[in-house]
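Enquirer: My questions are about this predicted structure, shown below with the sequence.
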Amino acid sequence: MNNYGFNFNTTYLDLPEEFYKVQNPSDVPIPKNIIINDKLATSLGLDLSKLDQNKKAKLFSGNILPEQSTPFSQAYAGHQFGHFTILGDGRAHMLGEHISPNGNRYDIQFKGSGRTPYSRGGDGKAVLGPMLREYIISEAMHYLGIPSTRSLAVVSTGETVRRETNLPGAILTRVASSHIRIGTFEFAAATGNIEHIDRLLNYTLKRHYPKLECSANKPLALIEALMQKQIDLIVSWMRVGFIHGVMNTDNITLSGETIDYGPCAFMDYYNLETVFSSIDHSGRYAFGNQAKIMQWNLARFAESLLLLISDDISHAVEMAEEIINKFPVNYEKKWLVMMGSKLGINNIREEDKILINNLLDWMTTKNADYTNTFIDLQDSNIITKDHYSDEEFLEWYKNWQDRIKKNCTSKELSHILMKKNNPLVIPRNHIVEEALNLAQEGDLSLFTEFLDALRSPYNIADIPNRFLDPPSKDQRVYQTFCGT
């Protein structure tokens, strides 16, 4: 059998047909491998060893399909910048649900694989730069320890795709626990078919939350569970300075994984108002707004389940609001623990918020680099450095050292805690952009070198300083783009 190690058992197609359309990817003229994630392929149990480069390129472009694959595109809706829209996979085809050797289920999806019934007049194509961008940043997120979709391969298609200019076409192969989104539930609710909403709910519970299947009120239990997962995710983003850039409800997964790496970026100089996305004109998805937006998105999710919560809609709203209103307190507690870990404090207290916020305020005023400040704090000689010699910081540093002495552990273990929570290297925007520009010219050397460094973000030896340093003024990236 020509399944190349794929072990498909696709259950999404058991849902009502309104949720998807079966359709093969478009053939491409000259597929060529750009990069294949061999380590991920091995962990998935794929057998690519007997395939030559030409056959691999055909496989990861969709020109040949594994047996047992029934490609389809998913329907969903979403609030995009606050406005509700019916959407769907406009340029993506699901190959199927692959069962790995350890029994885990993964969606295998092509992105940029041609028009679908949901393309809404688009060409269904993707271009090389954004696909490589998703590859490197999703892999970086994985190795930073943050739940994320993964990237299995990028192939060029031999096509020219028109955006602002003519650009080389490409297809990304994405791996995810699933592609069920808040927007999927919004789509189900928009149909007004309560049976469809119920089937999607039960399918999601079985796939991602089996322990909740016997809950007295399953939709409320799912709202609570998803809220906790998304709080954990946002706290992880805040830990490393990640800014998603397009937190629409169709980009929020029920699995709790980060998805869609279009206009995302990592913050260099600390400021809660930091925005990179070229389409976020109002700062809706700024770094400091991400928790509030997630709560807003979860409220939209709860709305999609009201008909299942109770026959009395007013009562359903009250019960859902009771859960959603807990978001700020739960988030604040987990954010405080996370920030304490970044500072080596293992017995965090409410009053420690003053210490944390004083540091963040100083960083904002001094335009300090978010990542490197926490690295520098691990250096016992930090106060001898010019950047940290002002009276405000020295006073804060003394207070911090006094607080560390009140830990429930040794100073050595406090230092280990900091190392575990403060990456040395992140996908800095100026390096990513340089690597992508070179890659589009056929030179992958910087891309692969940077990717290797990003795979060991907490313990790096002999890494070039250029990967660690913040951008100079003329290197700063002020805008990122979604690529569609």
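Expert: Arrived safely, thanks for sending. Numbers count the residues shown, from 1 in each chain.
Enquirer: So for the closest residue to L226 other than its chain neighbours, what's the pLDDT?
Expert: Nearest non-adjacent residue to L226, counting by CB to CB, 6 or more residues apart in numbering: L254, 6.3 Å away. Just so you know, the C-beta spots here come from the backbone N, C-alpha and C atoms, and that holds for glycine as well. At L254, the model reports a pLDDT of 98.
Enquirer: tell me the contacts of L254?
Expert: Applying CB atoms under 8 Å, 6 or more residues apart in numbering to L254 gives the contacts 178, 180-182, 184-185, 204, 208, 226.
Enquirer: again, only this time at 6 Å
Expert: With contacts defined as CB atoms under 6 Å, 6 or more residues apart in numbering, L254 is in contact with 180, 204, 208.
Enquirer: most surrounded residue in those?
Expert: Among these, the one with the most neighbours (other CB atoms under 10 Å) is I180, at 23 neighbours.
Enquirer: In space, what's closest to that one - neighbours in sequence excluded?
Expert: Among residues not flanking I180 along the chain, L254 sits closest, at 4.4 Å (CB to CB, 6+ apart).
Enquirer: roughly how far apart are the one you found and E97?
Expert: Distance of L254 to E97, given as CB to CB, to the nearest Å: 15 Å.
Enquirer: that older thread, want to try TSV for the contacts of L254, with distance to I431 as columns?
Expert: Shown next, in TSV, are these (distance: CB to CB, whole Å):
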residue	distance to I431
I180	33
T204	38
H208	35
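Enquirer: Just send the residues you listed back as JSON lines, with secondary structure, pLDDT and distance to Q80 too.
Expert: Shown next, in JSON lines, are these (DSSP: H, G, I helix; E, B strand; the rest coil; pLDDT from 0 to 100; distance: CB to CB, whole Å):
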{"residue": "I180", "secondary structure": "coil", "pLDDT": "98", "distance to Q80": "18"}
{"residue": "T204", "secondary structure": "helix", "pLDDT": "98", "distance to Q80": "22"}
{"residue": "H208", "secondary structure": "helix", "pLDDT": "98", "distance to Q80": "24"}
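Enquirer: Nearest to G169 among the residues you listed?
Expert: Closest approach to G169 among the contacts of L254 (CB to CB): I180, at 28.1 Å.
Enquirer: ok, the closest one to R120 distance?
Expert: Taking CB to CB, one finds I180 at 21 Å from R120.
Enquirer: and if you look at D260?
Expert: 17 Å.
Enquirer: quick one, which of these two is more surrounded?
Expert: Set D260 next to R120 and count neighbours by other CB under 10 Å: D260 wins out with 22 against 12.
Enquirer: Chain neighbours aside, what residue packs nearest to the more buried one?
Expert: Nearest to D260 is N251, by CB to CB, 6+ apart, at 4.4 Å.
Enquirer: Can you list the buried residues in the lowest-mean-pLDDT helix or strand in the chain?
Expert: Lowest on mean pLDDT, DSSP states H and E among the helices and strands of the chain sits helix 465-468, with a mean of 88. For helix 465-468, the neighbour count (16 or more other CB atoms under 10 Å) marks 467-468 as buried.
Enquirer: Go ahead and name everything in contact with it.
Expert: Counting by CB under 6 Å, 6+ apart, 425, 453 sit against helix 465-468.
Enquirer: again with stretch 154-163
Expert: Residues contacting stretch 154-163 (CB under 6 Å, 6+ apart): 28-35, 57, 60-61, 125, 127-128, 131-132, 135, 166-172.
Enquirer: and if you look at stretch 20-33?
Expert: So stretch 20-33 is contacted by 53, 56-58, 61-63, 71-74, 93, 110, 113-114, 117, 155-158 (CB under 6 Å, 6+ apart).
Enquirer: all strands of the stretch 151-300 of the chain, in order?
Expert: Per DSSP state E, counting those that start in this stretch, the stretch 151-300 of the chain carries strands over the ranges 166-176, 242-243, 265-266.
Enquirer: Dump the ones you listed into TSV; add mean neighbour count and mean pLDDT as well.
Expert: Compiled in TSV, these are given as follows (neighbours: other CB atoms under 10 Å; pLDDT from 0 to 100):
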stretch	mean neighbour count	mean pLDDT
strand 166-176	23	95
strand 242-243	26	98
strand 265-266	26	94
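Enquirer: So I345 versus M363, what's the distance?
Expert: 17 Å.
Enquirer: neighbour count winner among the two?
Expert: Neighbour comparison, I345 and M363: the larger count goes to I345, with 25 against 18 (by other CB under 10 Å).
Enquirer: what sits up against whichever strand or helix holds V432?
Expert: In this structure, V432 sits in helix 429-440 according to DSSP states H and E. The contact list for helix 429-440 (CB under 6 Å, 6+ apart) reads 128-129, 132-133, 265, 446-447, 450, 471, 475, 477.
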